[in-house]
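A.B. asks: no letters, just coordinates:
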């Protein structure tokens, strides 16, 4: 794992947690929590994490594959946890994990995870450099390495989509 040059931050410095009780207005036609509401919560917590890392305004660039593993029910407490896994020159990958909790029993379920990419902006709204990520624990190093591989794949796909691929 190559060490980033320039300023760096530890993943824990970008940690963000949002918790919200799911109410009837969050329900879809099936009576479960609307997926779009969960995606908005994911984007919000991931943005907080990216901004904490960059100390800059940040915008969403992409959301990787999102699988809704199981429904979230009205009355459950939803917690979204986010941390920056990897930072490139101007972009950051934020990992988000969503848990649903039955507040009466304390039972928790992992309902979905995804990766959201953000770009930091300068005062003129242009992409600007962000600090590197320095993982310390084995889990953080694993997340960093996997994020680095996902980033390389996204860069290649973008080049291919723009007609610059092989």
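C.D. replies: Nice, thanks for sending it over. Keep in mind that this is a model prediction, so the values were computed, not measured. Residues are numbered from 1 along each chain as shown.

A.B. asks: quick one: contacts for residue 33?
C.D. replies: Contact analysis of residue 33 by CB atoms under 8 Å, 6 or more residues apart in numbering lists 22, 26, 27, 71, 72, 73, 74, 76, 78. To be clear about C-beta, it is placed using only N, CA and C from the backbone, and glycine gets the same treatment.

A.B. asks: and the last one, which of the three is it?
C.D. replies: Read it as residue 78. Following DSSP: H, G, I helix; E, B strand; the rest coil, residue 78 is assigned to strand.

A.B. asks: in this protein, what spans have low per-residue confidence?
C.D. replies: Along the chain, segments meeting pLDDT under 70 span 1-5, 163-166.

A.B. asks: okay, strands next: where are they in it?
C.D. replies: 8-9, 16-21, 57-63, 77-87, 91-101, 108-121, 132-133 (DSSP state E).

A.B. asks: out of the contacts of residue 33, who's nearest residue 14?
C.D. replies: Distance to residue 14 across the contacts of residue 33 (CB to CB) is lowest for residue 78, with 20.4 Å.

A.B. asks: neighbours around that closest one, how many?
C.D. replies: Burial of residue 78 is recorded as 21 neighbouring residues (other CB atoms under 10 Å).

A.B. asks: do I have it right that it meets residue 96?
C.D. replies: No: Residue 78 is beyond contact range of residue 96, at 11.8 Å (criterion: CB atoms under 8 Å).

A.B. asks: ok, residue 11 touching residue 132?
C.D. replies: No: using CB under 8 Å, residue 11 makes no contact with residue 132, being 11.2 Å away.

A.B. asks: more crowded one of these two?
C.D. replies: Just comparing residue 11 and residue 132: by other CB under 10 Å the higher neighbour count belongs to residue 11, 24 against 19.
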